[in-house]
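J.: Could you look at this predicted model? Sequence included:
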Amino acid sequence: MMAATTRQAGPADACYMLIHPRLDSETPNLQTLKRNLERGTDDIKAEALQQVIAGTLQGENHDQLLMHIIQFVMPRRDKALKKLLLLYWEVCPMHDASGKLKHESILICNALRNDLQHPNEYIRGATLRFLCKLHEPELLEPLIDPTRNCLAHRHAYVRKNAVAAVASIYRVLPQLIPDAPELIHTFLADEADMTCRRNALAMLTASAPALAVQWLKENAQLVDGFEELLQLAVVDLIRRAARDFAADKALFVRCIFQLLGAASNAVKYEAATTLVALSSNPAAVKAAAGCYIALATKESDNNVRITALERLDQLRARHEGIVDDLVMDLLRVLSAPDLDVRRKALGIVMKLTSARNVGDVVSMLKKELAKTVADAGEYEKSSEYRVLLIQTIHSCAAQFPEVAASVVELFLESISELGASSAADAIVFVREVAEKFPALRPSVVSRLVASLLDLRAGKVMRGALWILGEYTESPDQIREVWAKLREAVGELPLLAAEQRELDAAAAATTTTTTTTTTSVAAAAPGGEGKSESRAASASASASRRVLPDGTYATESSLTAKAAAAGSGSDALRLDAKPPLRAVLLNSDFFTGTVLAGTLAKLVLRFARADGVEPQQANSLRAEAALIMAGIIRIGQSSFVATPIDEDSYDRVLACVRALEHMDEDAAVLEGAFIEDTQSAFARLVRGEDKRAQEEERKSARVGAAPVDAGIEFRLLGAAKGAAPDAEDDQLAREADQGRATVSKLDSVVQLTGFSDAVYAEAYVTVSQYDILLDIMVVNQTATTLRNLSVEFSTLGDLKLVEKPTSYNVAPYSFSNVKASIKVSSTETGVIFGTIVYDGPGVNDAHTIVLNDIHVDIMEYIRPARCDEAQFHGMWTEFEWENKVNMSTTREAAENLDLRGYLQHIMRATNMACLTPENALAGDCGFLSANLYARSIFGEDALANISIEKPTDESPITGHIRIRAKTQGIALSLGDKISAAKVSVAAAAAAAAGTAVKA
């Protein structure tokens, strides 16, 4: 139910939950309820009272039933009725329209007093709990003495509720129990029940901290023996009293250190959080960090683990270098089965790793990696965890070169045992190490050559071939690599060898078939004649086929059957072939182009090396040309399921022509094949390092104060009762409220017109999963508007969680209405509604349609980053795609280049560009880039933009493909891009109009 407040409404007005009535229930009228309350049995009275409570919660007016309930229900002794009565007193309006207490409400005091003296302890306890929600002094004053007497009751249930009632009364009306702190302090000293002691200590902490600290001094040695609730109350007391009682700080720290070893994980967590607020001593910081690590290791709830790790990360950021020694303890968190916990732990491990402990960290990560390889089929997400470990080891080696050699050795030794994705990440790391550390290149090449025959995945093989082509330099090493490549390719020429193998298999099949047929024919009568007739029929069944070059060939059924038999065993044959040959026969011609480029680089390097005979160079040159020609011929033959594509064909042919003209254009070819490719990768690596350093600088600037910020001296401040550090929740809330007051004015949405009888406008505040509407409703007429309500409906993944009440608005007065709407996914939604009111006549009803409120998807989209493998994996996985065609006018394209247009799209969609800056640099008439963003709900959004502008005067044309797991985010981003496209055209038109006027 929506809480509607006018200017006369008090701050204590309650807001209740909407209870949907049962479909099979009938709404009773007032007379029926009166009759049931007057004459019914206890069960009937209870049912009627439940209906009254439910109706009151839904905003129905049941004031006429108050005296009937007091007269006929309150005297009953049934315990269920008494419990329902207490619920009714909670929701029953006890004030009239002027805000004064109703006279009938005084009549309930005697019944409450009797219940406070009832022999049943549960009746007493429930009544005491109700007193915590009663704030009227006229009703509470007669109940003070029975409440005080309940502190000495024999049952702990009564005593703990009595303490809560005394605390509530003292907080709201301290003049009724002026000696409440001393009373509770005496009670606390004599009480044995832990729950009662906890309530008493919480009351003293809020009302009389000095008495609470005095009690703590007397019981400091017993803190570690308290139960969980009392220990949490002690932690809360220390956190609140630490600043005002600075002289007792040593006592507080000693108590907190005791609570770090408590049996309850909740107590440990609160104690660790309080300890770092009390002291920045390295011993205290390490103790708190160790507690967080223990929680993340031993707690079974993954949410608690992640929360503890987040606290540890915050502690690391505030106290640099102090918790680095605990990195090995943190690695024990990797025993958790949840991948998110492992990812969070590894992220913190990377921040804690230093030159002193990097060796131990990498050794531990190596053991974890070996464990994932050994237990590959045991866990469902072991492959994802393996990729995560490889990326972490990669980052360690990139930051600390002293471990790079051992890491490369590990990856190359186990690369054949890793999965395709893990091996691809490993080969990317090896490539980066080879670029950054030239001294490691010979060992990298040697170990990669030794592992080449064990590689089967095309992506891994392409990375290995590129490394061999770029970093193999000496003639001896080139010979070694060449021999291994020849072994991986297999027998040459490629097509002729495959044809011979197929012919041999067909001949063997034909011989077997002929032998079997002859023996059967000889054994049967008239076998010779039947054999001739079969030969004739076989000849007759021959058919003519059109070959790829347009000529005709004759194919018999025997040849067709042999070919079919051969295709059926292709998978088995490919496994037995050399790896590069198997990849080519599997139609992976992208790997074939990389192989051709590698061969060309090796030949060019070998030819210019010192001490190499021309005959040797020509021999490698001829063999490389033979392999390249074989790649093209294999791609054009019937041995592959998919013929070679045009791009791969052109690339391989370019390598062949490079070998053909290497004598005349040696310098140009060496620059194109050797120097340019290596320098391009070097720029890519430098760009990634620069981006990482920039992100690190940004994260460091987040916690840094500006140079003109004020310095806070805690000793000079008089913040009584404040929190011990700047992270206090109350201070944070006040700061947020101050910022919200200023920024809220930017989000005003007008709902009705100025000429309407009711003017309404809303302040829209988006808070992650909630949309808060603060609506001001102004009565612009000279009459009172009765039963005015604001009703909302939603379109999209929005859910209205509150329903408005009906209320009256005086002439020229206004009211404020607050509504909350839940957002469940990233999708553009619409909030629409009406204002309904009665007046001035009795039967006059009026409706005003409100303007729609559009929920912007950009409030939930945040730029994010992921690596290339993750992007392509999600691109393949996501099923929803939205393609938006892009085109601009010539006027819009005159002052906008492709890079500028890309930046415009990124600003409009809140997406980050994953394509490196160096790949987008330079002047070109075509641009292609990958974009990525993530919503606050964890939804991923991918986009690929492909646009072109052939000349400076040409318009920009192309398209953007958006992919997402859900349809809503794909469509919503498409709408945003379409709007951005229109805004570019509008800006160009405005500029053109200005130019014409000028």
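T.: On my side now, so go ahead.
J.: any idea which helix or strand of this structure has the worst average confidence?
T.: When the helices and strands of the chain are scored by mean pLDDT, DSSP states H and E, strand 4-6 comes last with a mean of 33.
J.: so L101 touches H95, yeah?
T.: Yes. Contact criterion Cβ atoms under 8 Å: L101 and H95 qualify, at 5.9 Å. From N, CA and C alone the C-beta is placed, and that goes for glycine too.
J.: Show me what secondary structure element comes after the least confident helix or strand of the chain.
T.: Next helix or strand after strand 4-6 toward the C-terminus (DSSP states H and E): helix 30-39.
J.: Residues touching that next one, excluding its own?
T.: 28, 44-45, 47-49, 51-52, 62, 64-65, 68-69, 72-73 (Cβ atoms under 8 Å, 6 or more residues apart in numbering).
J.: and which of those residues is nearest E491?
T.: Q51 (90.8 Å; Cβ to Cβ).
J.: Not including adjacent chain positions, what is the nearest residue to the closest one?
T.: Nearest residue to Q51, sequence neighbours excluded (Cβ to Cβ, 6 or more residues apart in numbering): P28, at 5.8 Å.
J.: residues contacting that neighbour?
T.: Here P28 is in contact with 36, 48, 51 (criterion: Cβ under 8 Å, 6+ apart).
J.: next one: K298
T.: So K298 contacts N265 (Cβ under 8 Å, 6+ apart).
J.: now swap in T56 and tell me
T.: Residues near T56 by Cβ under 8 Å, 6+ apart: 62, 88, 91-93.
J.: Which residues in stretch 286-303 does the neighbour count mark as buried?
T.: Residues of stretch 286-303 classed as buried by neighbour count (16 or more other Cβ atoms under 10 Å): 286-297, 299, 302.
J.: Export those residues as CSV, with columns for distance to Y122 and pLDDT.
T.: Listed next are these as CSV, based on distance: Cβ to Cβ, whole Å; pLDDT from 0 to 100:
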residue, distance to Y122, pLDDT
K286, 49, 91
A287, 44, 92
A288, 42, 92
A289, 46, 92
G290, 45, 92
C291, 40, 93
Y292, 41, 93
I293, 44, 93
A294, 40, 92
L295, 37, 92
A296, 42, 91
T297, 42, 91
E299, 35, 88
N302, 38, 88
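J.: Among those residues, which one lies nearest to R77?
T.: E299 (48.5 Å).
J.: Distance of that closest one relative to C291?
T.: Distance from E299 to C291, counting by Cβ to Cβ, to the nearest Å: 11 Å.
J.: Report the separation between P137 and N114.
T.: With distances taken as Cβ to Cβ, P137 is found 20 Å from N114.
J.: go on, C913?
T.: As judged by Cβ to Cβ, C913 and N114 stand 74 Å apart.
J.: Of the two, which one has the most company?
T.: Neighbour count, other Cβ atoms under 10 Å: between C913 and N114, C913 has more, with 20 against 14.
J.: what about L942, is that helix, strand or coil?
T.: L942 falls in the strand class when you classify it by DSSP: H, G, I helix; E, B strand; the rest coil.
J.: what's the neighbour count on it?
T.: L942: 26 surrounding residues under other Cβ under 10 Å.
J.: Check V849 too.
T.: Other residues close to V849 by other Cβ under 10 Å number 12.
J.: Need the nearest residue in space to it, chain neighbours excluded.
T.: According to Cβ to Cβ, 6+ apart, the nearest residue to V849 is T834 (5.5 Å).
J.: and what of H959?
T.: The shortest distance from H959 to any non-neighbouring residue, by Cβ to Cβ, 6+ apart, is to N885 (5.0 Å).
J.: Report the secondary structure state of the one you found.
T.: Look at N885: counting by three-state DSSP, its state is strand.
J.: pretty sure C655 contacts A629?
T.: No. Between C655 and A629 there is no contact under Cβ under 8 Å: 10.5 Å.
J.: These two: who's more crowded?
T.: C655 (24 against 17).
J.: so what pLDDT did that one get?
T.: pLDDT recorded at C655 is 90.
J.: Likewise for V766?
T.: On pLDDT, V766 comes in at 73.
J.: Burial check on it, number of neighbours?
T.: 16.
J.: That one is in what secondary structure piece?
T.: In this structure, V766 sits in strand 758-767 according to DSSP H and E.
J.: Using PDB, list the CA coordinates for stretch 901-915.
T.: The C-alpha trace of stretch 901-915 is given here as PDB (Å, rounded to 0.1, in the frame of the first residue of the first chain):
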ATOM      1  CA  TYR A 901      31.100   8.000 -34.800                       C
ATOM      2  CA  LEU A 902      32.300   5.100 -32.700                       C
ATOM      3  CA  GLN A 903      32.800   7.400 -29.700                       C
ATOM      4  CA  HIS A 904      29.300   8.700 -30.200                       C
ATOM      5  CA  ILE A 905      27.800   5.200 -30.100                       C
ATOM      6  CA  MET A 906      29.800   4.300 -27.000                       C
ATOM      7  CA  ARG A 907      28.500   7.300 -25.200                       C
ATOM      8  CA  ALA A 908      25.000   6.600 -26.200                       C
ATOM      9  CA  THR A 909      25.100   2.900 -25.100                       C
ATOM     10  CA  ASN A 910      27.500   3.100 -22.100                       C
ATOM     11  CA  MET A 911      29.600   0.400 -23.700                       C
ATOM     12  CA  ALA A 912      33.300  -0.100 -23.600                       C
ATOM     13  CA  CYS A 913      35.400  -0.700 -26.700                       C
ATOM     14  CA  LEU A 914      37.400  -3.900 -26.500                       C
ATOM     15  CA  THR A 915      39.400  -3.400 -29.700                       C
END
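J.: buried set for it?
T.: For stretch 901-915, the neighbour count (16+ other Cβ under 10 Å) marks 901-902, 904-906, 908-915 as buried.
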